[in-house]
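K.L.:
sequence first, then the predicted structure:
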Amino acid sequence: MMSVEGENKIKERERCFGKSEYKTREFTTTHHALRQRLGPEFITQRPGAGGQKLSYLEGHKLVTLANEIFGFDGWSHSVTYQNIDFIDEVDGRFSIGVTAFVKAEIKNGAYHEDVGYGVSEGLRSKAQAIEKAKKESVTDALKRALK
């Protein structure tokens, strides 16, 4: 159990987030970093339909980049909405679609909210299908919110 003093410190930190101004040098450095194109080391490829290669940024690499650019305590994100859009079962296998909205905020209060979608297909476990689709929808929304 947390002490009252500990709870007050957490509440104070939560109130302060989004109200810090960027120093000129910090703003310039962040602005410059955001204008850079991603290097090939950040891009992953996977096979797509028709033999195409699909390029994408993995979620954990996105979080690492955000931490490097904004600082580990200079940004946050939250799921503002999530909904299971459909659950289909065919021959004991589940297919599920989930929509999520994620809000990404930086320390000065600027934020962007966007939508993401996750799908899991053909899993035998309903719970695993739901989990996979939910996680995928949040990751997709976070990528869009941080673009």
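P.N.:
The structure has been received and is ready for your questions.
K.L.:
any idea which helix or strand of this protein has the worst average confidence?
P.N.:
helix 4-16 (a mean of 54; mean pLDDT, DSSP states H and E).
K.L.:
tell me which residues of whichever helix or strand comes after that helix are tucked away?
P.N.:
Downstream of helix 4-16, the first helix or strand assigned by DSSP states H and E is helix 24-35. Judged by neighbour count using 16 or more other CB atoms under 10 Å, the buried positions of helix 24-35 are 26, 30. All C-beta spots, glycine's among them, are computed from the backbone N, C-alpha and C.
K.L.:
for the very next helix or strand once past helix 24-35, which strands pair with it and how are they oriented?
P.N.:
Using DSSP H and E, the next helix or strand after helix 24-35 towards the C-terminus is strand 43-47. Here strand 43-47 has these sheet partners by DSSP bridges: strand 53-57 (antiparallel).
K.L.:
quick one: distance of stretch 125-140 to the chain centre.
P.N.:
14 Å (CA atoms, centre = their mean, to the nearest Å).
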